[in-house]
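J.: this is a predicted model, with the sequence first.
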Amino acid sequence: MTGQRKQNAKRRKGGKPKPVGALIGGLMEPLLRKRGFATADLITHWADLAGPRYARLTRPEKVNWPRGGDFDPEAGHRPGTLVLACDPAAVLFVQHEIDRIRERINAFFGFEVVDRIKIVQKSFDDDREEPAAAAPRKLDGDDVRRLDALTAPVGDPDLRAALDRLGRAVLSESSRKADDGAA
């Protein structure tokens, strides 16, 4: 084997495998810096910083640093403003927790990185999945007979069918709650 071929073979082997996160970090860094993030830590640890209640409803968009002040904790920097995207239905609740979220962010970094959080409303219906609803409990014979007796006097068949569906949903839900409470 020639010297050139040996070098190419070594390059192809690449040594030890690298974690995907280590490879992506180099690609993401320029994009993150463009959005005002010095590191990806705020984004990668967002679920811990926002808490489980708000992690799915919010996401950090960018950090606006004051003019003339960059992210430099050693040289004494001025803290920035975090622009936080928030689901419109949760804005009011997040607003009440904003000080706690800011404190968590600053405690995470060990110094005051963010002094203000600006909330912008943005829908999160892209890749967020809702938890699957539990299947309704099958009604026993007593419940079915009781429901039939309640809906029998209704003359209109469409109305009777609608009331029957409603009754089944209510009875299966109340039965499920009773089962959960007994467990």
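T.: Arrived safely, thanks for sending. Given the structure is predicted, the values throughout are model-derived calculations rather than measurements.

J.: by mean pLDDT, point me to the weakest helix or strand of the chain.
T.: helix 20-34 (a mean of 57; mean pLDDT, DSSP states H and E).

J.: which is the next helix or strand following that helix?
T.: Downstream of helix 20-34, the first helix or strand assigned by DSSP states H and E is helix 41-44.

J.: in whichever helix or strand comes after that following helix, what's buried?
T.: Sequence-wise, the next helix or strand downstream of helix 41-44 (DSSP H and E) is helix 46-50. Buried positions in helix 46-50, judged by neighbour count with 16 or more other Cβ atoms under 10 Å: 46, 49, 50. In this view, the C-beta of every residue, glycine as well, is placed from N, C-alpha and C.

J.: same thing with stretch 79-93?
T.: Buried, per 16+ other Cβ under 10 Å, within stretch 79-93: 79, 80, 81, 82, 83, 84, 85, 86, 87, 90.

J.: most widely separated two among these?
T.: The span of those, defined through Cβ to Cβ, is set by 79 and 87 at 25.6 Å.

J.: look up how far residue 147 lies from residue 141.
T.: With distances taken as Cβ to Cβ, to the nearest Å, residue 141 is found 11 Å from residue 147.
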